[in-house]
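[1] give me a 3D structure for the following:
(5 chains)
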Amino acid sequence: MGRMKIIPDAKKKELQQILEISGENVKDCMQCGKCTAGCPASSSMDILPHQVIRLLQLGQLDKVANSQTIWSCASCFTCTTRCPRNIDLAKLMEAVRLTIIRSKGSSRLKADDVPGKIDPKMPQQAIVSGFRKYNK
Amino acid sequence: MSLENKQISSENTSNFKPLIVAFCCNWCSYAGADLAGTSRLNYPANVKIIKVPCSCRVNPNFVLRAFQRGADGVVIAGCHPGDCHYTSGNYYTRRRFTLMKNLLEYVGLEPERFKVDWISAGEGNKFAAVMNEALEQVHKLGPNRKLRDARWKR
Amino acid sequence: MQRIGVFVCWCGTNIAGTVDIDQVKQAAEKIPGVVNVQDYQYMCSEVGQNLIKNAIKEQKLDRVVIASCSPRMHEATFRKAAKSAGLNPYLVEIANIREQCSWVHKNKEEATEKAIALVRAAVAKATLNTELVPGEIGVEPRALEIGGGIAGIQTALDIAEAGYKVDIIEKTPSIGGKMAQIDKTFPTLDCSACILTPKMVDASTHPNINLYTYSEVEAVQGYVGNFEVTIRQKARSVNADKCTGCGICTDKCPSKKAESEFDEGLRKRGAIYIPFPQAVPNVPVIDREECLKFKTGKCGLCERVCPSGAIEFNQEDTLVTQKYGAIVVATGYDLINLDKFGEYPYTEHPDVITSLEFERLTSAAGPTAGKFLRPSNGNKPKKVVFVQCVGSRDKSSRGKTYCSKICCMYTAKHAMLIKEKYPEIEVYVFYIDVRTPGKNFDEFQRRAVEEYGVNYIKGMVGKVFPEGDKLQVHGVDALSSETLIIDADMVVLAAATKAKDDAQELGRKLSISTDANNFFTEAHPKLRPVETHSAGIYLAGACQGPKDIPETVAQSSAAAAKAIGLLNKGKLVNNPCVSQVDEQICSGCLACTKMCPYEAISSQVIEVKEQGKIVKKTVAHVNEALCQGCGGCTVTCRAGALDLKGFMNRQILAEVDAICL
Amino acid sequence: MEKIANKVRETARLALANGEVNKILGWKKGDFWYDSYPAFITEEEGTASLIWDSFCVANLSKYLIEQLKEDIKVGVFLKGCDARAFNQLLKDNRVDRDKVVIYGLPCPGMIDPEKVKKAGLAKGLLDVQKSEDEVVFITKEGEQKFSAREFAYDKCLTCQYPNPVVYDELLAEEVERNNTTEYFYQDVEEIEKMSPDERFAYWVEQFSKCIRCNACRNVCPACSCEKCIFDNSKANVAGKAKVDSEEQFFHIVRAYHVAGRCVDCGECSRVCPVGIPLAKLNRKIIKDITEFYGEHNAGVNPSLDAPLETFKLEDIDPFETRAKGGK
Amino acid sequence: MKFSYYPGCTLKTKAQELEKFALNSAAALGVELEEQKEWQCCGAVYPLAEDEIGTKLSSVRALAEAAQKNEKLITLCAACHHVIKRVNEDMKTKDDVKNKVNNYLQLAQDYQGEAEVIHYLEMLRDEIGFDKLAEKVTNPLTNRKIGAYYGCLLLRPAETMNFDDPENPSIIEEFIKALGATPVKYPYRTECCGGYLSLDNKELAQEMTDNIMKSALKNEVEELVTACPLCKYNLENKNGKIAISYFTELLAEALGVKE
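    This is a model prediction of the structure:
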């Protein structure tokens, strides 16, 4: 499989939407990688946090949207707290998730799937959070 | 409303060419205006600049006089707080015109007609942007009749 | 009625392309008082200037208005021309119809209309112009150097060599500054002390240099050429004249709990101490907060052992007032506090250190005698991780937005110093970008990678987890997009540089401004880099922005050259556009004295005739040598008793009226 | 109050008698029940005409400027607001503290004759007596009692400093008044709530009444310039034509000139013969100063810097439109 | 001392001990916690999108009620605290959110962020004081080596939560010390447990909690305390060696009101 050449396009409408929903400016990022270096969930991410911003800088929203990364993010705000450029990456991750689950029928978590995922000890908080994060 | 104000408000507004008087401090904002020129940035010709050594030289009398004589908007531009050539002049400007602007609004002037802004010598862009914005807002409001002396025709 | 001449410049097509010169001329001719109107392609050319000069003479002009480029460009030129034709230069006004008209407007009709308005305003103002004559002030042939680091020492030496007296004020007990703490210097790796110490000695022995160590600026008054500075000499508790620097007192001092400032807290010092062996002056100082004598009244051992009776517990701070013609500010920088960077447990773990601590750890004169050992257990480390940009280029509230400039180079230096002594230690450097502009700088950094095998990793460290006796460093290599874990023994943090905490306070005393980061602001970022907005006050070194030693020294010599140039003048002319008091109107409320940024206004009692009687009256009085002409007082003065020459109330109102016509 | 009035007279008499002062500045009764005038007394016997009642509203401190031009010592009676005015004059170097002896009078609040007239109680009125919270109107027919607050000057209703802040001798016990601050800026807030056009219409109507009699200026303790800028033809702002614009100019500048210096005595509004509510301009500025720079009660503590003669680096900046740096 | 108290759903179901012990202890400390009458679920996660309004309304209702009573709003569950505190910040600083929410809610008085939200731990630290708390301990937990597990939601983002140093917090350690036990600091005490990932990506959540538990074990922590039901669930699920309890349970025990 050959490597595809991407065409950078930072003006895409969908991308603008991400930036609006998140209220974040990806241009502020200088790719220091501190987000990735401290991310506790990075082991199950196919695209690393700093790469998410890089791809958004290049207008490659699709790659981010199709990644496992956005579903591995636990919104723990470690990156948010440490970013030297004041970028709230958790908000960008959320914005990408929302563009997916807000389109009809695209909820990641279906109500029917829930019983299989919970156990008697699991607190409501987990289920409500999951629904808010994965469903619309 | 007294007679003289009625006269002004009945002026034809369709050919409205607003006049903005801008007081610019010599060291920052006047230089910023020059930079706007050197960079060939565009702003409308209705903005006319009066040079003062420091924004703290601007007496509220001057502002009132400009409105009296027919200015539709007045801008005072000085160095950013902390950057004053005279170290602290613009801090006084800030206090004086914080109160003055509120007082003018209190007697009924629209807030958009009187502005203070900080424009450094390197901010040609900002100078043009501030003037364009001021003009646009004043244009929306139409000719100023408040505080204006009807005996003076522009 | 005045006889005003108006001269309209085409500036080639720069003005004439957008402004209808003829229309401007016609309009100008109609303005009352205007008797002569001329135009020319380039008014600033010799031909153009002659045109003006001839008109002044032939037409007996008493005011001149030139419609041309910005006064910032050629006002001086035209004033000079007027002066040579016998006209007071302050009777010249400029209408800026280029930068503020032809260059910013496209529509010729509108631009022409505006040009006419600007000419009208300039004429209106010129009509009210008066002859102004600048005064002369003397210059005190002595300079003050605030800060005794390498910047201060270099500047002082240069000024002293030019034959002028210089005083150095240094806050700490010894001159030397940060450079004295540094082990080796980049990009040559020569020993810092070896090149600095001779300069420190030169400064202390130079007949033209006088040191005020352990001293601070208390107050500054006056103005260019005539500053009056009050210096607070803090009580050293040791008589410097009697002390021989034998060091017995510092050895015997029973209190050894204080952390040595010079060794960045890596070593303890006594309550009576000499900061470091090469200190200048080599005179100890008593830290009164640590000294048992001061704390409990008991002890006094140093006094008993001193062979020359130099200990003086009852010394008090003394104030010295001295006049100076020029002041150079060279107060240097500090590293930011790392308390808020908890992810790098600097405050928690002794093996996490700052770059300045590293300097002391590798210095042969340092606490480990140059052996590079872990502060926690004294063992030799196997792996060392450097983290750059800790707080630099950081927009968050805990960092600084700017690049600290020196860290890339000193980190490469640190890495090499380790590798040179202990090639077996593994060294990792985490960086965001490596910035090495400077002569031989990039070569230096590449040597670290290529010859010394330092592992440079583009990426940051997320967190350092102390695990057992290791420091587990979680980082990322952004180039390969792999996350890394390094079991390090030491972590060295390149903490951001910052302006001195008291920079603003000093700035206020000197009436010089600081930028958003508290660094002192130069008069122009490119063309006047060592001057401030206050005439006669110059900047050298890192107090103006992050700087390395070569740059600091270059700037110091530049500042010295400026100061020498000023001292050499002997006399200065001042700006004649200063405030004046109408004593008849002044009620003596003295509000103006309170707001004047230069303390140029004082009160005086005059005698006036009132209803036939002579009565005494308090009025404001402007010191024209101090007044810088901001005009702020004129607004404070409700009655309008204060007015600014050259920018009088009447003149500005006339401009407003003319513009609004 | 009558007890205190006796003390006023006695104090004045003694001061003149023992030569402590050369002149006494107090109040005397006028022709009508609501009249009181400033009294300048140099002879002992003259002190009998001095009064202290609910109509001694005139602020005597400003008369000192003129009086002190002679080389004499003056004794003066000052209420709370008058004392603040005195301090302001002191700060402006318009009076000499050493030449003045101040007899402080804690003030129970003064009665506004206009309110009495409006209530239709003025007819046949012989005397008005005030005690604590009550006011008694005495006519031939008899007495009528009311709550004193009903007839107090508006400015007295919001007064924060009924007790003199400076005095050499206090002639009565300090009084307490429970004036809440919530009520304090009600007059200003009413105007702030209007739209710009409504505000303009309101003020044009007010200003156009102005006859440029300068009563406001003359009474104001903060307006103490030897020569007002509006009387100085050189200043080129002295326009006095009967046009709206010049009246607006005058009143805006007048208010600005007392910014941070107005002691909120409300005398400007009171003396205005055409009823322009001038104090509402001053109080707007006081409100803004309080909000932006912290409470500053001019004339209370003369050692404090006037708000417009100082600044703080961290002052609010309503003008910074495009912040430098940051997000 | 009286507060407006917001419990949240989990406290009424799976995390009843968190609440029970908190209320017992509050009573012992002379603190009145008045449960809000008609509180609704906060949503468990703060809506990060700028355009989310609906999901913030329940928090604003709780806030407005506290503001109206002029009381501080107190929370117990870390998630509720996080959500309500951040929504409050929005109401203070984001005009757009403020206007939309107020337009929608039509409260008697517009809510503009007047209420102050504090966590139970902050109440102990700032209102009572840990030194005073220590005086009230009747049953000191001597010789117990207890580790604090902070999790994410109380600490981050630091500027909004303003709870403690996000990288090197100390409030729970000081709390433990006040109860007479020995706090043990371990480096992973502020790392994320995985949170809601345990619903959809159990392996990842497992890995994240493993790291935390390993770090705690290595530093000889004998028991862990937390303020978050989900953290407790995630940590508990994976481990048998270290007991995990709510901080309120320790508090109740030390104050002698556990039973």
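[2] going forward, measure contacts between C-alpha atoms and count neighbours the same way
    OK.
[3] quick one, what contacts residue D:24?
    D:12, D:16, D:39, D:40, D:41, D:42, D:74, D:75, D:76 (Cα atoms under 8 Å, 6 or more residues apart in numbering or on different chains).
[4] no, scratch that, I was asking about residue C:348
    By Cα under 8 Å, 6+ apart, residue C:348 lies in contact with nothing.
[5] do you know how far the closest residue to residue E:222 other than its chain neighbours is from residue E:130?
    Spatial nearest neighbour of residue E:222, excluding adjacent residues (Cα to Cα, 6 or more residues apart in numbering or on different chains): residue E:145 at 5.4 Å. Residue E:145 sits 18 Å away from residue E:130, going by Cα to Cα, to the nearest Å.
[6] tell me where the model's unsure across the chain.
    You didn't say which chain, so I picked chain A. Filtered on pLDDT under 70, chain A yields the residue ranges A:1-2, A:104.
[7] wait, I meant chain E there
    Within chain E, the set of residues satisfying pLDDT under 70 comprises E:237-240.
[8] now do the helices in it.
    E:9-12, E:16-29, E:57-69, E:78-93, E:95-105, E:120-122, E:130-136, E:158-161, E:171-178, E:197-200, E:202-218, E:229-237, E:247-255 (DSSP state H).
[9] for chain E, state which of the contacts of residue D:24 is nearest.
    Taking Cα to the nearest Cα as the measure, chain E lies nearest residue D:76 of those, at 48.5 Å.
[10] contacts for the strand or helix carrying the closest one?
    Following DSSP states H and E, one finds residue D:76 within strand D:74-78. Residues outside strand D:74-78 that contact it (Cα under 8 Å, 6+ apart) are D:12, D:15, D:21-26, D:59-61, D:64, D:67-68, D:99-105, D:164.
[11] buried ones among the residues you listed?
    Buried members of the contacts of strand D:74-78, counted by 16 or more other Cα atoms under 10 Å in any protein chain shown: D:12, D:15, D:21-26, D:59-61, D:64, D:67-68, D:100-105, D:164.
[12] which of the residues you listed fall within strands?
    Per DSSP state E, strands hold the following members of the buried ones among the contacts of strand D:74-78: D:23, D:24, D:25, D:26, D:100, D:101, D:102, D:103, D:104.
[13] burial of residue C:573, as a residue count?
    Neighbours of residue C:573 under the rule other Cα atoms under 10 Å in any protein chain shown: 12.
[14] kindly report the same for the one 3 residues further on.
    With neighbours defined by other Cα under 10 Å, the count for residue C:576 comes to 20.
[15] surely it meets residue C:133?
    Yes: taking contacts as Cα atoms under 8 Å, residue C:576 lies within contact range of residue C:133: 6.0 Å.
[16] report pLDDT for the residue of the stretch 101-250 of chain D found nearest chain E.
    Proximity of the stretch 101-250 of chain D to chain E (Cα to the nearest Cα) peaks at residue D:193, 17.1 Å away. Residue D:193 is assigned a pLDDT of 93 by the prediction.
[17] measure it to chain A for me?
    Between residue D:193 and chain A the distance is 34 Å, computed by Cα to the nearest Cα, to the nearest Å.
[18] show the backbone phi and psi for that residue.
    When read as degrees, to the nearest 10, the backbone of residue D:193 gives phi -70, psi -20.
[19] now for it, how many residues are close by?
    Neighbour count for residue D:193, taken as other Cα under 10 Å: 11.
[20] against residue E:151, how distant is it?
    Distance from residue D:193 to residue E:151, counting by Cα to Cα: 48 Å.
[21] what's the burial count for residue 82?
    Picking chain A for this. Residue A:82: 27 neighbours (other Cα under 10 Å).
[22] wait, chain C
    Per other Cα under 10 Å, the neighbour tally for residue C:82 reads 26.
[23] residue C:127 versus the residue nearest to it when sequence neighbours are not counted, what's the distance?
    Sequence neighbours aside, residue C:89 is the residue nearest to residue C:82 in space, at 5.7 Å (criterion: Cα to Cα, 6+ apart). Distance of residue C:89 to residue C:127, given as Cα to Cα: 14 Å.
[24] one more: residue C:437?
    Residue C:437 sits 55 Å away from residue C:127, taking Cα to Cα as the criterion.
[25] turn the helices of chain E into a markdown table, including mean neighbour count and distance to residue D:31.
    Below are the helices of chain E laid out as a markdown table (neighbours: other Cα atoms under 10 Å in any protein chain shown; distance: least, Cα to Cα, whole Å):
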| stretch | mean neighbour count | distance to residue D:31 |
| --- | --- | --- |
| helix E:9-12 | 20 | 79 |
| helix E:16-29 | 19 | 71 |
| helix E:57-69 | 21 | 56 |
| helix E:78-93 | 23 | 60 |
| helix E:95-105 | 16 | 60 |
| helix E:120-122 | 20 | 70 |
| helix E:130-136 | 16 | 71 |
| helix E:158-161 | 17 | 69 |
| helix E:171-178 | 22 | 76 |
| helix E:197-200 | 22 | 90 |
| helix E:202-218 | 19 | 92 |
| helix E:229-237 | 23 | 84 |
| helix E:247-255 | 23 | 79 |
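[26] report the buried residues of stretch D:172-179.
    By neighbour count on 16+ other Cα under 10 Å, the buried set for stretch D:172-179 is D:172, D:177.
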